[in-house]
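Asks: Sharing a model prediction with you, sequence too.
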Amino acid sequence: MTAAIWWIRRDLRLTDNQALHAALNHSPHLVPVFILDPALLASPDSGAKRLAFLLDSLRCLAADLASRGSRLIFRVGPPQEQLATILAESGASAIFAAEDFSPYARRRDAAVARNLPLCLVGGVSVHPPAAVRKADGSPYTVFTPFSKAWKSLPLPRSNALLPAPRQISTPLNLVSDPIPTEPTLPAAVPFPPGEAEAQRRLRLFIDGSAGAPAKIETYADHRNRLDLAGTSHLSPYLRLGMLSARQAAAAAVEAMEQASTASARRSAETWLNELIWREFYIAILHCFPQVRRSSFRPEFERIAWRNDQRAFAAWTEGRTGYPVVDAAMRQLAESGWMHNRARMIVASFLVKDLLIDWRWGERWFMQHLIDGDPAANNGGWQWTAGVGTDAAPYFRVFNPVLQSQKFDPGGTFIRRWLPELARVPDAHIHTPWEMPLALQRQVGCLIGQDYPRPIIDHLEAKERTLAVYAQARETAPEPGA
DNA sequence: TGAAATGTTGGGGCG
DNA sequence: ACGCCCCAACATTTC
């Protein structure tokens, strides 16, 4: 009797899994395989916290499979070699996997498909990149028209999702390597692994709980607030596919349709748009894989970055002297996650205040975010740096103090991550360097000693950056010249 | 999914 | 009552 391999990559779920479904249609004997790829571990974009989250999530998936009579086969090694071995061991006649559109994944899958019976089914996005194109077949490079085209395609529906199989039969002769127990997930990471947790969080976000209203209803107003838990906190689960993109999108669409107020409807649509941003950047990286190495707008490859190592270290360690930047950077290092608004603030500070190459920040984020995704992360950095598709104009510079006042008005986010500022009064929490010395003594926070003085003056830095960007544009050859 | 400078408007205090 | 000025609030422009 033949068997089918379900090659698991970033679809660690049984619910709404097209590759799993296709494999089971091919043969009732399923070989669920995860292969830890040494090439990915060796990548400078690898991160210990994300790896730990992956390993814990694999243990959850293994338990979910075991409860259905199946077994996860875990291996370490180059995927092509391992798949060939498992094909021989299991006698399977086909490999099914969800398509991943990142440059490395495409090279890897193309190499596998040349030698082995690989069938890519579904993918990490709701719609494959090629499905959202202009009339002439060219890709969109601006978000708004992309999102209109995306919304004109058939919308995902929860009643069309694929249910998790109840019973799965797996050949007994295959050996699984043990899932490594190192690295471990730090206790400060507030994302328990596993598909059940992803489903629980989605329900909580969409439906609310007995004591709390659903956050999707106030998402539009709360999503930018650093001091409120107003976002879905689903990104790590979407990253590793513990939740399918189309289940999330279907939930957003249906929340829009069922909203009882205009503001709840607007909020649900705002969240759907965030999911479409994810689709947009997956499509951009698919159509323009060179953005992983260089700016989408080539004239900005000429920017004369300062790339000061000490300034970069201060940024990574959260000691720039700007509380909102430092709080966010410490949150990232400790918890493996950062609020999206904070990502924009710290990214703008690195690129436009410190004048450090956006790729340095992109890499740091990949090394520390448990939701770190090549497409979304690259898109976000190029957007903030003003060098990408549909990017913020280069002169758009975030003021870290104004952003802080606007999105953390009471300073609770800052104090949560910077305990040395715990007793600084509200009037100075966004600009502690302006405290008179007597007040610094009174609240036990001496600037320059207990908390750093700002490493740069924002207004001076902004002027410097605008000049450097303008020079990059001026020295660029005219298009077509 | 900026910020700051500049322009416009309209209410209210005042002579 | 009227015009004038101030200035907050909002809109527009510019980088």
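Replies: Sure thing, it's come through.
Asks: Do a quick rundown of the strands in chain A.
Replies: Taking DSSP state E, the strands of chain A run over residues A:3-8, A:30-36, A:73-76, A:92-99, A:118-123.
Asks: Enumerate the residues of chain A near DNA strand B.
Replies: Within chain A, the positions lying close to DNA strand B (CB under 7 Å from any atom of the strand) are A:143, A:274, A:277, A:340-341, A:344, A:383, A:392-393, A:395-399, A:402-403, A:406, A:459. Quick note: C-beta positions are derived from backbone N, CA and C, even for glycine.
Asks: repeat that with 6 Å
Replies: A:Phe143, A:Trp277, A:Met344, A:Ala392, A:Phe395, A:Arg396, A:Phe398, A:Asn399, A:Leu402, A:Gln403 (CB under 6 Å from any atom of the strand).
Asks: Spatially, what comes nearest to A:Leu40 if we skip its sequence neighbours?
Replies: Excluding the flanking residues, the one nearest A:Leu40 by CB to CB, 6 or more residues apart in numbering is A:Ser46, at 6.2 Å.
Asks: same question but for A:Trp315, I mixed them up
Replies: A:Leu350 (5.4 Å).
Asks: Enumerate every residue touching the one you found.
Replies: A:Leu350 makes contact with A:Phe312, A:Trp315, A:Ile356, A:Trp358, A:Trp360, A:Gly361, according to CB atoms under 8 Å, 6 or more residues apart in numbering.
Asks: Which of those sits closest to A:Pro193?
Replies: For the contacts of A:Leu350, the closest approach to A:Pro193 (CB to CB) belongs to A:Gly361, at 26.8 Å.
Asks: Run a quick check on that closest one versus A:Ala347, I expect a contact.
Replies: Yes. Contact status for A:Gly361 versus A:Ala347: in contact at 5.7 Å, counting by CB atoms under 8 Å.
Asks: what's the overlap in contacts for these two?
Replies: A:Trp381.
Asks: Find the closest residue to DNA strand C in the stretch 201-350 of chain A.
Replies: Residue nearest to DNA strand C within the stretch 201-350 of chain A (CB to the nearest atom of the strand): A:Ser348, separated by 13.8 Å.
Asks: who are the neighbours in contact with A:Ala327?
Replies: A:Gly318, A:Ala342, A:Phe413, A:Ile414, A:Arg416, A:Trp417, A:Leu418.
Asks: need the contact list for the third one.
Replies: If you count contacts by CB under 8 Å, 6+ apart, A:Phe413 has them with A:Leu226, A:Asp227, A:Val324, A:Ala327.
Asks: My read is that the residue nearest to A:Leu40 contacts A:Leu369, right?
Replies: No. A:Ser46 is not in contact with A:Leu369 according to CB under 8 Å; the separation is 11.7 Å.
Asks: between the two, who's got more neighbours?
Replies: Set side by side, A:Ser46 and A:Leu369 show more neighbours around A:Leu369, with 23 against 14, by other CB atoms under 10 Å.
Asks: quick one, phi psi at that one?
Replies: phi -80, psi 130 (degrees, to the nearest 10).
Asks: And for A:Gly77?
Replies: Torsion angles, degrees, to the nearest 10, at A:Gly77: phi 150, psi 180.
Asks: Output the contacting helices and strands for the lengthiest helix in chain A.
Replies: Counting by DSSP state H, the longest helix found in chain A is helix A:262-287. Other helices and strands packing on helix A:262-287, by 3 or more CB pairs under 8 Å, 6 or more residues apart in numbering; DSSP states H and E, are helix A:143-152, helix A:219-222, helix A:245-258, helix A:374-385.
Asks: From one end of stretch A:156-172 to the other, what's the distance?
Replies: Stretch A:156-172 has an end-to-end distance of 37 Å (CA to CA, to the nearest Å).
Asks: what sits up against it?
Replies: Contact with stretch A:156-172 is made by A:3, A:13-18, A:20-21, A:24, A:28-32, A:65, A:68-71, A:90-91, A:126, A:244, A:246-247, A:249-251, A:253-254, as judged by CB under 8 Å, 6+ apart.
Asks: List buried members of those residues by neighbour count.
Replies: Buried by 16 or more other CB atoms under 10 Å: A:3, A:13-18, A:20-21, A:24, A:29-32, A:65, A:68, A:70-71, A:90, A:126, A:244, A:246-247, A:249-251, A:253-254, out of the contacts of stretch A:156-172.
Asks: ok so, going back, now, among the contacts of A:Phe413, which is nearest to A:His233?
Replies: Of all the contacts of A:Phe413, the one with the least separation from A:His233 (CB to CB) is A:Leu226, at 13.7 Å.
Asks: Which residues are in contact with that closest one?
Replies: A:Val324, A:Ala328, A:His339, A:Arg341, A:Ala342, A:Phe407, A:Asp408, A:Phe413.
Asks: Which residue ranges make up the domains of chain A?
Replies: Structural domains assigned to chain A are A:3-124, A:195-287, A:298-475, following automatic domain parsing.
Asks: Please produce a markdown table containing these, extended by mean pLDDT.
Replies: Formatted as a markdown table, the domains of chain A follow (pLDDT from 0 to 100):
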| stretch | mean pLDDT |
| --- | --- |
| domain A:3-124 | 97 |
| domain A:195-287 | 96 |
| domain A:298-475 | 95 |
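Asks: Using TSV, lay out those together with distance to A:Ile179.
Replies: Output for those, formatted as TSV (distance: least, CB to CB, whole Å):
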stretch	distance to A:Ile179
domain A:3-124	5
domain A:195-287	14
domain A:298-475	17
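Asks: wait, isn't A:Trp337 in contact with A:Asp371?
Replies: Yes. Using CB under 8 Å, A:Trp337 makes contact with A:Asp371 at a distance of 6.7 Å.
Asks: Can you work out which residues contact both of those two?
Replies: Common contact partners of A:Trp337 and A:Asp371 (CB under 8 Å, 6+ apart): A:Ser235, A:Pro236.
Asks: give the contact list for A:Thr389.
Replies: Contact analysis of A:Thr389 by CB under 8 Å, 6+ apart lists A:Thr141, A:Val142, A:Ile284, A:Phe288, A:Val291, A:Phe296, A:Gly379, A:Gln382.
Asks: So how do I select the buried members of the residues you listed in PyMOL?
Replies: Selection of buried members from the contacts of A:Thr389 for PyMOL, criterion 16+ other CB under 10 Å:
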select buried, chain A and resi 141+284+291+296+379+382
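Asks: So which of the contacts of A:Thr389 is the closest to A:Arg239?
Replies: A:Gly379 (14.2 Å).
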